[in-house]
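[1] Got a predicted structure plus its sequence, pasted below:
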Amino acid sequence: MNIDKLQTYIPSKSVLLIAKKETMDNIRNKWIIFMTGVFAFLTLIISYFGSFGGGWQSVGLTIAGMMSLVQYLIPIIALMLSYGAIVGEIERGSMSAFLSLPVKRFEIILGKFLGLSSVLAVSIIAGFGIAGIIIGINVGEINIGEYIFFLLSSILLGMVFICLGLFASSFFKRRSTSMGMAVFLWFFFTMIWSVITLGVASMIVDLGSIATGNIPDWYYAIEMINPLSSYSGLVSINIESVSNMGQQFIGTYPDFYSTPLLTFVLLIWLIVFLMLSIFTFKKRDL
Amino acid sequence: MIEKKIKCPSCGYETIIQGKVGDSKKIICPKCNKKGFFEFSKEKGTKKIMDKPMMLSVASLTKSFNGKKAVNNASFSVHKGEIFGFLGPNGAGKTTSIKAILGLLYPNNGQILIDNQNLMHDEKKIKEQVGYLPEKVAFYENLTALQNLEFYAEMKNANKSQCKPLLKEFGLADAMDQKVGTFSKGMNQRLGMARAIIGNPSFLILDEPSSGLDPRGVVFIREKIKTLNEEGVTIFISSHILSEIQAICHRVGIINKGSIVAVDDISNLQNRLQLRPKLVLILETVKKEFITALELIEGVFSVKQEKDALEVFCRKDVKANVVLTLSKKKAKIKDIQTMDPSLEEVFMRFTEADAA
């Protein structure tokens, strides 16, 4: 492969320019500002009232209390940010002028991915960060390492769903269809997936034994494919309070649930759907 | 310069290439990427084309949507330094052709060269010298006019300092810090034109440049197009306003039902259709000798009498001679009207099958 040809595959400064534009265009989105406020508000509410009148809880316990909420909120924010990123620009008409610029289609997808991820990261860090500082002041003792791990894992989860949304946006011809797909994906991963895996499990083992925490490893293996499960597993095995609370309700994770494996699962989702988005957009007629 | 239709030995994809006799040209098949060489010699199947340097060359362009051909085997070229008008009824294939030229959609067949470079192989390099105003102008609505323009300037590797003077020139000085979401259609159109010329492109593609503009705006854009052309920019305009095309274009191409039906300068097209300027002379009385005298003038094609009026179809340059001849014959002329054939007549004639 000669150097000229190789250069065409290396993302140029265009990617960073697009990412910057995408961040500037979305960060002023009133909906994102509102969701950042919601993050902070819910975190504080859960921390203060989560102990049923006992006052402020530690950050670890707050994270444990927030896990299910975060698993609903982050995917929907990521999908709402990304479902219109490509098809919305095509429908509005700005994509024609965009593609007349000296830019390759894969650079547009990469730029949008980085830009939207930055917006989501800012929203998560600002929302949870402000709440974390307030809790820290009141509780006095805060494990910063655990909190940063929680924030980074949440951002990674958001990035996976941004890639899913970008794929829907590159694939569908109408913004409304892409939105429908985004809503379906949210339902699928937050609700339908568990129903299917539980249904499969009930055909093989006694449901009663699952309810008592006697869950077979293969069930965990299937469950792990869902990015939401990988995320909750990742947070659980790394944050002590979440792990303790999890043991009370869903039992202990199997030994193969490791940080590298669960991170790998999330990264695979991210890379596969980012590549699919690029491939679909490259083939698309405008 | 000659052109030759060749077939890829690997996948059978047909394409037209251009070169001079004796040239050896490296070819990469746009479909399967197979590489090969072609030597231009004087042989059958080669067609001599105009020697003027070309900015855009479209050869055998075909694009289908769901089996229906939107553009069918269209070939035309735009010479460097000219203003080329691209006309056609709604749904004739104008926007599809423009999108194919810019690489926004993938043709089923054909070759497009911009400044002798293939968009498929030199995309970034080519697009750096192209400016485009789409039919539907849209921007990032949460960003200001200046932020929008600066983004496009940076993407084109142009100097951001161009942006403010450009916004002032296009009458948007007071609105440059305003979010584009609040702009009127006319303001959007002006900003779209500023975006198209940022980075000083050598080739401008304008799709309906006057759309949404008030009469003052229309005149401003027309003058701007003329000035840019005088500075050496090649301009390709698609427009429904035929008077605008007639006023500024050197040549026109007419597309109808996906096929190119005519490419030439306007007067040549008028001649092909035998559309002649008409001189109507209202006289006090019409005498037979007036008609005989006029018919003898070289350049007069026919003379018709309508009550006390004479309708003379003639070349533009003999109109004065017609009046002089009648004066010599002591004819008392009460009124003179001249009617030049318009581009509208040319357009209607070339697309009349569509109207029927």
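    Yes, it's here.
[2] and stretch B:236-255, is it in reach of chain A?
    No - Stretch B:236-255 is not in contact with chain A by Cβ under 8 Å from any Cβ of the partner chain; minimum separation 12.5 Å. Bear in mind the C-beta positions are built from the backbone N, C-alpha and C, glycine included.
[3] Nearest residue to residue B:114 in space, please, no chain neighbours.
    residue B:126 (4.9 Å; Cβ to Cβ, 6 or more residues apart in numbering or on different chains).
[4] so that neighbour makes contact with residue B:117?
    Yes - counting by Cβ atoms under 8 Å, residue B:126 does reach residue B:117; the two are 5.3 Å apart.
[5] wait, what's in contact with the residue nearest to residue B:114?
    Contact analysis of residue B:126 by Cβ atoms under 8 Å, 6 or more residues apart in numbering or on different chains lists B:114-115, B:117, B:119.
[6] now do residue A:93
    When contacts are counted by Cβ under 8 Å, 6+ apart, residue A:93 touches B:134, B:136-138.
[7] what does the longest helix along chain B contact?
    When chain B is parsed with DSSP state H, its longest helix is helix B:215-230. By Cβ under 8 Å, 6+ apart, the residues outside helix B:215-230 that reach it are B:81-83, B:171, B:186, B:189-190, B:193, B:197, B:204, B:206, B:209-210, B:213, B:235, B:237, B:241, B:244, B:247-248.
[8] Tabulate the CA atom coordinates of that helix in CSV.
    Coordinates of the C-alpha atoms in helix B:215-230 are reproduced here as CSV (Å, rounded to 0.1, in the frame of the first residue of the first chain):
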residue,chain,number,x,y,z
PRO,B,215,-35.7,41.4,-6.2
ARG,B,216,-32.7,43.4,-4.8
GLY,B,217,-31.2,40.1,-3.6
VAL,B,218,-31.7,38.5,-7.0
VAL,B,219,-29.8,41.4,-8.7
PHE,B,220,-27.0,41.3,-6.1
ILE,B,221,-26.5,37.5,-6.6
ARG,B,222,-26.6,37.9,-10.4
GLU,B,223,-23.9,40.6,-10.2
LYS,B,224,-21.8,38.5,-7.8
ILE,B,225,-22.0,35.6,-10.2
LYS,B,226,-20.8,37.8,-13.1
THR,B,227,-18.0,39.2,-11.0
LEU,B,228,-16.8,35.8,-9.8
ASN,B,229,-16.8,34.6,-13.4
GLU,B,230,-14.8,37.7,-14.5
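[9] And it, what's buried?
    Using 16 or more other Cβ atoms under 10 Å in any protein chain shown as the test for burial, helix B:215-230 gives B:217-218, B:220-222, B:224-225, B:228-229.
[10] What's the local residue count around the residue of the stretch 151-286 of chain A found nearest chain B?
    Closest approach between the stretch 151-286 of chain A and chain B, counting by Cβ to the nearest Cβ: residue A:285, at 3.8 Å. The tally of other residues near residue A:285 (other Cβ atoms under 10 Å in any protein chain shown) stands at 13.
[11] Look up how far residue B:108 lies from it.
    According to Cβ to Cβ, to the nearest Å, residue A:285 stands 11 Å off from residue B:108.
[12] Check residue A:179 too.
    Residue A:179 sits 31 Å away from residue B:108, going by Cβ to Cβ.
[13] residues contacting residue B:340?
    B:277, B:316.
[14] Got phi/psi on it?
    Taking degrees, to the nearest 10, you get phi -90, psi 140 for the backbone angles of residue B:340.
[15] do the same with residue B:278
    For residue B:278, the backbone dihedrals (degrees, to the nearest 10) come out as phi -120, psi 130.
[16] Kindly indicate whether residue A:274 is helix, strand or coil.
    helix (DSSP: H, G, I helix; E, B strand; the rest coil).
[17] ok, now residue B:63?
    Using three-state DSSP, the secondary structure recorded for residue B:63 is strand.
[18] Now the residue of the stretch 151-286 of chain A closest to chain B: closest residue in space, sequence neighbours ignored.
    Nearest non-adjacent residue to residue A:285, counting by Cβ to Cβ, 6+ apart: residue B:105, 3.8 Å away.
[19] Quick one: residues contacting the one you found.
    Residues near residue B:105 by Cβ under 8 Å, 6+ apart: A:285-286, B:63, B:96, B:99.
[20] can you put those residues in JSON lines and add secondary structure and distance to residue B:148?
    Shown next, in JSON lines, are those (DSSP: H, G, I helix; E, B strand; the rest coil; distance: Cβ to Cβ, whole Å):
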{"residue": "A:285", "secondary structure": "coil", "distance to residue B:148": "26"}
{"residue": "A:286", "secondary structure": "coil", "distance to residue B:148": "20"}
{"residue": "B:63", "secondary structure": "strand", "distance to residue B:148": "30"}
{"residue": "B:96", "secondary structure": "helix", "distance to residue B:148": "27"}
{"residue": "B:99", "secondary structure": "helix", "distance to residue B:148": "22"}
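[21] Look through the stretch 201-350 of chain B and state the residue closest to chain A.
    Distances between the stretch 201-350 of chain B and chain A by Cβ to the nearest Cβ are smallest at residue B:205, namely 7.8 Å.
[22] Pull the contacting residues for that residue.
    By Cβ under 8 Å, 6+ apart, residue B:205 lies in contact with A:100, B:98, B:101-102, B:130-133, B:196, B:236.
[23] In what element of secondary structure is residue B:235 found?
    Per DSSP states H and E: residue B:235 is located in strand B:234-238.
[24] What of residue B:243?
    Counting by DSSP H and E, residue B:243 is part of helix B:242-248.
[25] So for that helix, mean pLDDT?
    Mean per-residue pLDDT for helix B:242-248: 85.
[26] who in the stretch 101-250 of chain A is up against chain B?
    Within the stretch 101-250 of chain A, the positions adjacent to chain B are A:101-104 by Cβ under 8 Å from any Cβ.
[27] Please see if stretch B:67-81 touches chain A.
    No - applying Cβ under 8 Å from any Cβ, one finds stretch B:67-81 separated from chain A by no less than 10.5 Å.
[28] Identify each buried residue in that stretch, please.
    Residues of stretch B:67-81 classed as buried: B:69-72, B:74-79, B:81 (neighbour count, 16+ other Cβ under 10 Å).
[29] Just the closest of these to chain A, please.
    The shortest gap between chain A and any of these belongs to residue B:70, at 10.5 Å (Cβ to the nearest Cβ).
[30] before we move on, back to that, please convert the buried residues of helix B:215-230 to CSV, extending it with pLDDT and distance to residue B:149.
    Compiled in CSV, the buried residues of helix B:215-230 are given as follows (pLDDT from 0 to 100; distance: Cβ to Cβ, whole Å):
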residue, pLDDT, distance to residue B:149
B:217, 88, 18
B:218, 89, 22
B:220, 90, 18
B:221, 91, 17
B:222, 91, 22
B:224, 93, 16
B:225, 94, 19
B:228, 94, 17
B:229, 94, 22
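[31] re earlier: going by distance to residue B:275, which of the buried residues of stretch B:67-81 wins?
    Within the set of those, residue B:76 lies nearest residue B:275; the separation is 21.6 Å, counting by Cβ to Cβ.
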